[in-house]
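**Q** model this:
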Amino acid sequence: MAIKPLIILPDPVLRQLSRPVERVDDALRNLADDMLETMYDAPGIGLAAIQIGLPLRLLVIDLASREDDEPNPQVFINPEIVEFGDERSVYEEGCLSIPDYFAEVERPATVRVKYIDRDGETQEMAAEGLMATCLQHEIDHLNGVLFIDHISKLKRDIVMRKFRKLAREKSASGPVV
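**A** Residues are numbered from 1 along each chain as shown. Below you'll find the predicted structure:
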């Protein structure tokens with residue numbers, strides 16, 4: 001397994017539409033394992049393949065974020081939300097591709113997701129609470145949508161300016177040798 005570098009805002013790769021996975025094989029399972037290792041190292045609770053520069057409809061989630069929690073890694077291949085609940089909920093969201101920025105986002109409180117598991121079997125899951133939010137957040141990534149797209153334009157513009165400035169400063173300083 002290997003930790004992959006994360007794509008950080010404002011990189012335009014994050015806005016790419018991810019293509020469906022065509023085959024579940026050992027290479028894809030190894031990629032999912034690398035994504036899990038990358039997510040744990042960051043640390044985070046969800047990661048989409050596009051966040052490591054691969055426009056594939058693949059994401060991983062593990063809500064067991066504390067050391068005393070039992071790990072529960074989950075792999076979602078070609079996930080699709082097939083039903084949204086009527087009730088809404090608000091969670092403070094963050095993103096590994098937008099480090100150190102958090103904002104409250106309102107989303108449907110429940111979803112039903114159809115996906116393929118790491119064994120190549122089609123599954124369906126009803127999710128609520130944090131799992132519903134995390135699935136929506138990560139599936140948004142697969143569609144080129146970021147959680148900041150769900151906040152006010154003013155706040156989004158401030159975040160974009162900050163990350164563009166950081167990217168300029170980083171490129172001006174050149175590579176670290």
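**Q** Now do the helices in this structure.
**A** For the chain, the helices defined by DSSP state H occupy 26-41, 129-142, 153-173.
**Q** can you list the ones you listed in CSV and add distance to residue 86 and mean neighbour count?
**A** In short, each C-beta sits where N, CA and C put it, glycine included. Compiled in CSV, the helices of the chain are given as follows (distance: least, CB to CB, whole Å; neighbours: other CB atoms under 10 Å):
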stretch, distance to residue 86, mean neighbour count
helix 26-41, 31, 17
helix 129-142, 13, 21
helix 153-173, 26, 12
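**Q** between these, which one is nearest to residue 120?
**A** Residue 120 lies closest, by CB to CB, to one member of these: helix 26-41, at 9.2 Å.
**Q** contacts for the closest one?
**A** 1-4, 6, 21, 45-47, 49, 52, 54, 56, 58-60, 62, 73, 75, 77, 96, 118 (CB atoms under 8 Å, 6 or more residues apart in numbering).
**Q** Where among the helices of the chain is average confidence lowest?
**A** Lowest mean pLDDT within the helices of the chain: helix 153-173, at a mean of 93.
**Q** now that one, how far from the centre of its chain.
**A** The chain centre lies 20 Å from the centre of helix 153-173; the measure is CA atoms, centre = their mean, to the nearest Å.
**Q** Show me what it is packed up against.
**A** With contacts taken as 3 or more CB pairs under 8 Å, 6 or more residues apart in numbering; DSSP states H and E, helix 153-173 sits against strand 98-108.
**Q** Output the contacting helices and strands for the strand it packs on.
**A** strand 88-95, helix 129-142, helix 153-173.
**Q** pull the CA atoms of it into PDB?
**A** Taking C-alpha atoms only, strand 98-108 is exported to PDB below (Å, rounded to 0.1, in the frame of the first residue of the first chain):
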ATOM      1  CA  ILE A  98      -9.500  22.100   1.000                       C
ATOM      2  CA  PRO A  99      -7.300  21.800   4.200                       C
ATOM      3  CA  ASP A 100      -8.200  23.600   7.400                       C
ATOM      4  CA  TYR A 101     -11.400  25.100   6.100                       C
ATOM      5  CA  PHE A 102     -14.800  24.000   7.500                       C
ATOM      6  CA  ALA A 103     -18.300  25.300   6.900                       C
ATOM      7  CA  GLU A 104     -21.900  24.200   7.700                       C
ATOM      8  CA  VAL A 105     -23.600  22.600   4.800                       C
ATOM      9  CA  GLU A 106     -27.200  21.600   4.500                       C
ATOM     10  CA  ARG A 107     -28.000  18.400   2.700                       C
ATOM     11  CA  PRO A 108     -30.700  15.700   2.700                       C
END
